[in-house]
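Peer 1: quick one, fold the following:
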Amino acid sequence: MSLTSLLGIEHPVVQGPFGGGMSAVGLAAAVSAAGGLGSFGANHLAPAAITDLVAELRAAVPAGRPFNVNLWVPHPEEADLRPVPADLERLRPLYERFGLAVPTGYQPPPAFDEQVDALLAAEPPVISFVMGVPPARVVAEARRCGIVTIGTATTVDEAVALQEGGLDVVVASGSDAGGHRGAFLRPVTESLVGTFSLVPQVADAVRVPVVAAGGIADRRGVTAALALGADGVQVGTGFLATVESGASPVQKAALAGPGARVTVLTRLFSGRHARGILNTLIRELAAEEARVPAYPVQNTLMQPLRRASAQRDDPGYTNLWAGQAAALSRPVTAKEYLESLI
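Peer 2: Below you'll find the predicted structure:
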């Protein structure tokens, strides 16, 4: 079955889901209304909020149009992590610079099992996953409910694992892509395969539809992805720059500026490798890159700083997630942008 038929969309374009509060119901609805697959990143939401989110999306998306909700598959070794004094002391100067109190407690993120159970109960048309293969019970329940499942691979081996895990669609996410790297079989540093290298190999290795992601921001990228054997494309940064996205004004300004030509991989904002525009914090804490705690500890400790920086319109200390084609993005409506891709 073709990707468009499987997902129930007109155009083989998936809007990349954004975690950390940058997704927007209005953006997902606009993309789905225009014939693509609108997406919402729900990795930060509690189960009750996920239930409400799916209801919101169902009300906002035109009847008969699909939409996608995304979750992160947890890494088992991260489950019991907690901050230690050195983690707080490393960030104390930045907390003080922004007039913030040093955290005295730690609140772990919502539990994946509870999140996914709430999502399955709400029955969105499509559920996507990054960071791993979801449990077999999740895939089975999604199939029973008629929910299409999408998994994300950064290597050929991961794509094969997702197919063997029963996922309906595989996103081949090249190292060009913005935001978090979803490597799960090998370390990120051993899984940095560029989109042009990754897509044709994944297309040869799996039987399910393949969606190309990473560095695709205009119709030239779409054409290249299809020529490489992909059945469709996933575009993240380009949609992040659109009018309807939930990105902060400081993030949108960064995407439109000359700094968008330089992106780097960093663990400093969340404890996991993610690609973003080079800024002051990345330069100042470069020597700490390997020492910051893993996700979700570093992510939680950095949230107050990231919010404070964005609220002050200061791009220096907030995460500016962006892919390597960020400079091709444009501040237009989602509908206009989707039409430019097709």
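Peer 1: shouldn't S39 be within a helix?
Peer 2: No - looking at S39 with DSSP: H, G, I helix; E, B strand; the rest coil, it is strand, so not inside a helix.
Peer 1: quick check: it touching P17?
Peer 2: Yes - between S39 and P17 there is a contact under CB atoms under 8 Å: 3.9 Å. Glycine gets a C-beta too; all of them are placed from N, C-alpha and C.
Peer 1: pull up the overlap in contacts between these two.
Peer 2: Counting by CB atoms under 8 Å, 6 or more residues apart in numbering, the common neighbours of S39 and P17 are S23, N68, V69, N70, S128.
Peer 1: can you redo those residues as JSON lines with secondary structure?
Peer 2: Shown next, in JSON lines, are these (three-state DSSP):
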{"residue": "S23", "secondary structure": "coil"}
{"residue": "N68", "secondary structure": "strand"}
{"residue": "V69", "secondary structure": "strand"}
{"residue": "N70", "secondary structure": "strand"}
{"residue": "S128", "secondary structure": "strand"}
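Peer 1: nearest to L255 among the residues you listed?
Peer 2: Here the nearest of the shared contacts of S39 and P17 to L255, counting by CB to CB, is S23; it sits at 15.9 Å.
Peer 1: wait, that closest one sits on E244?
Peer 2: No - taking CB under 8 Å as the definition, S23 is not a contact partner of E244, at 10.5 Å.
Peer 1: neighbour count winner among the two?
Peer 2: A side-by-side neighbour count of S23 and E244, using other CB atoms under 10 Å, places S23 first with 29 against 19.
Peer 1: let me see the confidence value for that one.
Peer 2: According to the prediction, S23 has pLDDT 95.
Peer 1: I'd like the numbering to begin with 47 instead of 1 from here.
Peer 2: Okay, using 47 as the starting number, the last item reads as S69.
Peer 1: neighbours of V308, just the number please.
Peer 2: Residues lying near V308 (other CB under 10 Å) number 13.
Peer 1: so who does S69 touch?
Peer 2: Going by CB under 8 Å, 6+ apart, S69 touches P63, S85, F86, G87, A88, G292.
Peer 1: next one: it relative to A270, how far apart?
Peer 2: For S69, the distance to A270 (CB to CB, to the nearest Å) stands at 27 Å.
Peer 1: could I get the full set of strands for the protein?
Peer 2: Along the chain, the segments classed as strands by DSSP state E run 59-61, 84-87, 113-118, 172-176, 194-199, 215-219, 225-226, 256-259, 278-281, 309-312, 320-323.
Peer 1: pipe those strands into CSV and attach mean pLDDT per row.
Peer 2: Below are these laid out as CSV (pLDDT from 0 to 100):
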stretch, mean pLDDT
strand 59-61, 98
strand 84-87, 98
strand 113-118, 98
strand 172-176, 98
strand 194-199, 98
strand 215-219, 98
strand 225-226, 96
strand 256-259, 98
strand 278-281, 98
strand 309-312, 98
strand 320-323, 98
